[in-house]
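Chemist: Dropping a prediction and its sequence here:
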Amino acid sequence: MNLKPSILILCTGNSCRSHLAEGVLRHKAGEFLDIHSAGSKPAGYVHPMAIRVMAEIGIDISGHTSKHMNDFLGRDIHTVITVCGNADQVCPIYPGQVKRYHWGFDDPAHATGTEDEILGEFRRVRDEIRVVFEVYAAGWEAGRSA
């Protein structure tokens with residue numbers, strides 16, 4: 001039995017933003033939180049540039065897979081965090097769900113331009129997600145030690 005609270009991070013395709021957030025949160029809080037990500041319409045892959053920009057900060061998400069949010073309906077989920085508006089609108093209530101947050105971020109998969117410009121967008125979104133989810137992890141950690 002898992003005694004760690006489960007956090008589910010949702011976006012539409014589960015190919016970029018939710019994996020960036022899952023990677024950051026697992027890196028910072030994986031010892032005391034059970035972290036997952038999924039999508040309302042999974043793309044079926046994790047975007048290679050998402051994997052690349054996370055590797056740049058020492059977080060390996062190359063083993064992540066794209067999953068459907070319904071795969072988690074039978075699980076006890078403590079908190080659901082949506083990172084895009086579409087997922088927020090279609091998000092179901094999960095068994096045991098205590099909290100729900102919506103923190104929207106731009107989708108770097110829609111970036112256009114040169115490879116360097118697109119990579120820059122992935123880095124920008126990664127960094128924005130990193131700030132928010134590191135603060136979230138710190139809040140959980142502070143609550144554990146209080």
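Modeler: That came through fine. Numbering: from 1, shown residues only.

Chemist: which is the next helix or strand following the one helix or strand in the chain whose mean pLDDT sits lowest?
Modeler: Of all regular secondary-structure elements in the chain, judged by mean pLDDT, DSSP states H and E, the least confident is helix 85-90 with a mean of 71. Proceeding C-terminally, helix 85-90 gives way to strand 99-102 as the next helix or strand, assigned by DSSP states H and E.

Chemist: how distant is that following strand from the center of its chain?
Modeler: Here the centre of strand 99-102 is set off from its chain's centre by 13 Å, with CA atoms, centre = their mean, to the nearest Å.

Chemist: List the strands paired with that strand, with their directions.
Modeler: The pairing partners recorded for strand 99-102 under DSSP bridges are strand 79-82 (parallel).

Chemist: Which residues does the strand it pairs with contact?
Modeler: Strand 79-82 is contacted from outside by 5-11, 21, 88, 91, 94, 97-104, 136, using CB atoms under 8 Å, 6 or more residues apart in numbering. Placement of C-beta: from N, CA and C, glycine included.

Chemist: ok, H19 touching H64?
Modeler: Yes: applying CB atoms under 8 Å, one finds H19 in contact with H64, separated by 5.1 Å.

Chemist: same for the longest helix seen in the chain, what does it pack against?
Modeler: Using DSSP state H to assign secondary structure, the helix with the most residues in the chain is helix 115-145. For helix 115-145, the elements it packs on are helix 17-29, helix 48-56, judged by 3 or more CB pairs under 8 Å, 6 or more residues apart in numbering; DSSP states H and E.

Chemist: Identify the residue spatially nearest to R126, adjacent ones excluded.
Modeler: Of all residues not flanking R126 in the chain, V53 sits nearest, at 4.8 Å (CB to CB, 6 or more residues apart in numbering).

Chemist: need the contact list for the one you found.
Modeler: Contacts of V53 were listed using CB under 8 Å, 6+ apart, and they are 20, 119, 122-123, 126.

Chemist: Would you mind listing the two of the residues you listed that lie farthest apart?
Modeler: Put simply, by CB to CB the two of the contacts of V53 set farthest apart are L20 and L119, 13.6 Å from each other.
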